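# Just need the structure, nothing else, for what follows:
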Amino acid sequence: MERRVHDEPLAFIVIDYCVAGSGAVKFIASARGVRPNLPILFISGQFNLTGVAHEAVLLKPFLPEQLSKAVLDMVERSQRLDARDASLDSMAARFKSAVLNRVLTQWRGERSGETLPALNRVPITRDERDFVAEVVVDQTYVPMTFELVQVGAELSRRAETDFTWWRIDGTGDDSEMTQEGAYRRCVRSRKPTYDFARFDFGSEDTSFFERLLLPCSEDGAEVTSLIAVVNFDETDPAEGQ
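This is a model prediction of the structure:
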């Protein structure tokens, strides 16, 4: 079966969990490594299945119509995820900094389908952390609030600000380029967001700014934190294109 995932354009896979046994978890990891959005449906007479918490499960006994609906739902979800990934590929092509690309790739590797990764699951190297800020999101407040709990040394140096436990009290501002507005849009969409700006100060003094926001979650669903990756360039990268 693992070889067929590699070699054949399978539309979806239906697995009897009881037959697969302990091999089910290993198979998921292998299949997802090759095709992250491949629709996989488990059928089982058991309620508590180990290792398939975020997979589609159809409990026995079931009617043929229920099986058909489950398969159609899986295929539609897979198509939606493929479209989302294509959108992320298009976004990444606009990045000027390799750091943004690397952190996005690491975030995507930890995400599972529509389940967001936990903040501590996204691997970020020491060099990358210079350009990264970690933001805690509190949605119990209306409007939601944000708190910077860790800010990279390079970001602090560029901003000439001590961001230690810096809090943004929510105002509900959704303005395009405000910090709160960018954070709010990322939380609401549950998707990575990217924005950039060029600043021309006259003469040859031109600066470029770009920011990538990545949503993270403690339970895989509600956004509880953000990874902000920021790049500053004192020369406009468009000039070299």
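# Now for this protein, the helix or strand with the poorest mean pLDDT.
Every helix and strand of the chain was ranked by mean pLDDT, DSSP states H and E. The lowest is helix 2-7, at a mean of 57.
# Skip ahead from that one and say which helix or strand is next.
Counting by DSSP states H and E, the next helix or strand C-terminal to helix 2-7 is strand 13-16.
# CA atoms only for that next one - export them in PDB, please.
Output in PDB follows, covering the C-alpha atoms of strand 13-16 (Å, rounded to 0.1, in the frame of the first residue of the first chain):
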ATOM      1  CA  ILE A  13      -8.000   5.400   0.600                       C
ATOM      2  CA  VAL A  14     -10.400   3.600   2.900                       C
ATOM      3  CA  ILE A  15      -8.800   1.500   5.700                       C
ATOM      4  CA  ASP A  16     -10.400  -0.900   8.100                       C
END
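# and the helix or strand just after that strand, what other elements does it pack with?
Remark: after strand 13-16, the chain's next helix or strand is helix 17-20, criterion DSSP H and E. Contacts defined by 3 or more C-beta pairs under 8 Å, 6 or more residues apart in numbering; DSSP states H and E place helix 17-20 against strand 40-44. Heads up, the C-betas are built off the backbone N, CA and C, glycines and all.
# which residues are contacting the strand it packs on?
Contacts with strand 40-44, where a contact means C-beta atoms under 8 Å, 6 or more residues apart in numbering, come from 12-18, 24, 28, 31, 49, 52, 55-60, 62, 67, 70-71, 74.
# Now do the contacts for residue 134.
By C-beta under 8 Å, 6+ apart, residue 134 lies in contact with 119, 148-151, 225-228.
# ok, of the contacts of strand 40-44, which come out buried?
Using 16 or more other C-beta atoms under 10 Å as the burial test, the contacts of strand 40-44 include 13, 15, 17, 24, 28, 31, 49, 52, 55-58, 70-71, 74 as buried.
# got the residue ranges for the strands in the protein?
In the chain, the strands defined using DSSP state E lie at 13-16, 40-44, 56-59, 132-138, 145-151, 166-168, 193-200, 206-216, 225-233.
# what's near enough to touch residue 230?
Counting by C-beta under 8 Å, 6+ apart, residue 230 has contacts 131-133, 155, 209-212.
# PyMOL command for the buried members of the residues you listed?
Selection of buried members from these for PyMOL, criterion 16+ other C-beta under 10 Å:
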select buried, resi 131+132+133+155+209+210+211+212
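# Now tell me which of the contacts of residue 230 the prediction trusts least.
Note: of the contacts of residue 230, the lowest pLDDT belongs to residue 155, at 84.
# looking at the strands of the chain, which is closest to residue 102?
Between residue 102 and the strands of the chain, the shortest separation by C-beta to C-beta is 9.0 Å, and it involves strand 225-233.
# Sheet-wise, list the partners of that closest one with their directions.
With DSSP bridges as the test, strand 225-233 is paired with strand 132-138 (antiparallel), strand 206-216 (antiparallel).
# what are the C-alpha coordinates of stretch 168-175, in CSV please?
C-alpha atoms of stretch 168-175 as CSV (Å, rounded to 0.1, in the frame of the first residue of the first chain):
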residue,chain,number,x,y,z
ILE,A,168,-1.5,45.4,22.7
ASP,A,169,-4.9,46.1,24.2
GLY,A,170,-7.6,45.4,21.6
THR,A,171,-9.3,48.4,19.9
GLY,A,172,-11.0,46.4,17.1
ASP,A,173,-8.8,48.2,14.5
ASP,A,174,-8.7,46.3,11.3
SER,A,175,-6.7,48.8,9.4
